[in-house]
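> Pasted the sequence and its predicted model underneath.
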Amino acid sequence: MKKATLSFSNVNLRASQIHKFRGFVGNAFKDHDLIHNHDEKGNPIYRYPLIQFKLIDKTPAILAITDRAVSIFSEIFMKLDKIVIEDTVIPVFEKDLKIEEVEFGYSDDIFMYEFASPWIGLNQKNFIKYNDAGREEKNEMLKSVMTGNVLSMSKHLDCWLSKDQKIKIDHKLKETKVNLKGKSMTAFNGIFKTNFLLPDCLGIGKSVSRGFGAVRRMI
């Protein structure tokens, strides 16, 4: 799978400003629905985001996966000379574009990952069930949700598993609080193991286009 990372080393943003960074770029390039994920009428397009906005080692970055999404980057690279956040104009003096082929999909081997940004795995419905559960049941719930995240992402990226290919998940996670669209939500930090190859900084779970759920391979 093709992956591109466009980094802005001279721009300083907080994690809480990444959604505003995404909003600015989405408005600047309205013709590309892959950036903002809305149709011509402004309705959300429900799919796995192929373009995601991140803080990678404290550096703002835009990540794209698949040939279609990566092809948009040439236009962004040439035209994006400033970022406006909360009425503050930030000139873009340095842009670094890295394009690479990465591994993605089911594997017979087990890999360990860490969450480089909090993973939002629970929605309002299953959070109530999770909150009332015991420790072991909570762990199993998170395994199930994470497995679903990986399978959903795989399907949207046209990577299909055969009937005998089963996703295995093991994790060691801690709860944390994040702010999403003005609301406090429970998210998770920590490590997990799985037999699925995930490219670095790709997100799983909710709001990955805003930087949440970014993974980083450890082993």
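Cool, got the structure. Numbering: from 1, shown residues only.

> Run through the helices of the chain in chain order.
18-28, 33-36, 67-79, 124-132, 135-156 (DSSP state H).

> Could you identify which of those has the lowest mean pLDDT?
Mean pLDDT is lowest for helix 33-36 among the helices of the chain, at a mean of 80.

> so where is this structure shaky, pLDDT-wise?
The chain contains residues with pLDDT under 70 at 219.

> at 80 what do you get?
Scanning the chain with the threshold set as pLDDT under 80 gives 34, 36-42, 44-46, 73-74, 77, 181-182, 219.

> Pop the domain breakdown of the chain in here.
2-101, 106-217 (automatic domain parsing).

> Return the distance of the last one from the chain's centre.
When distances are taken as Cα atoms, centre = their mean, to the nearest Å, domain 106-217 is centred 11 Å away from the chain's centroid.

> now do the same end-to-end measure for that domain.
15 Å (Cα to Cα, to the nearest Å).

> Tell me the spacing between the residue of the chain positioned farthest from its centre and residue 115.
Distance from the C-alpha centroid of the chain, by Cα atoms, centre = their mean, peaks at residue 134 (28.8 Å). Distance, residue 134 to residue 115, using Cβ to Cβ, to the nearest Å: 23 Å. C-beta here means a position set from N, CA and C on the backbone, and glycine is covered the same way.

> repeat for residue 160
Distance from residue 160 to residue 115, by Cβ to Cβ: 26 Å.

> Which of the two has more residues huddled nearby?
Taking other Cβ atoms under 10 Å, residue 160 and residue 115 do not tie; residue 115 has more neighbours (24 against 11).

> List the contacts of the more buried one.
173, 188, 189, 190, 191, 192, 213, 214, 215, 216 (Cβ atoms under 8 Å, 6 or more residues apart in numbering).

> List buried members of those by neighbour count.
Buried members of the contacts of residue 115, counted by 16 or more other Cβ atoms under 10 Å: 173, 188, 190, 191, 192, 213, 214, 215, 216.

> List the residues that contact the first one.
For residue 173, the set of contacting residues under the criterion of Cβ under 8 Å, 6+ apart consists of 115, 119, 142, 188, 189, 190, 191, 192.
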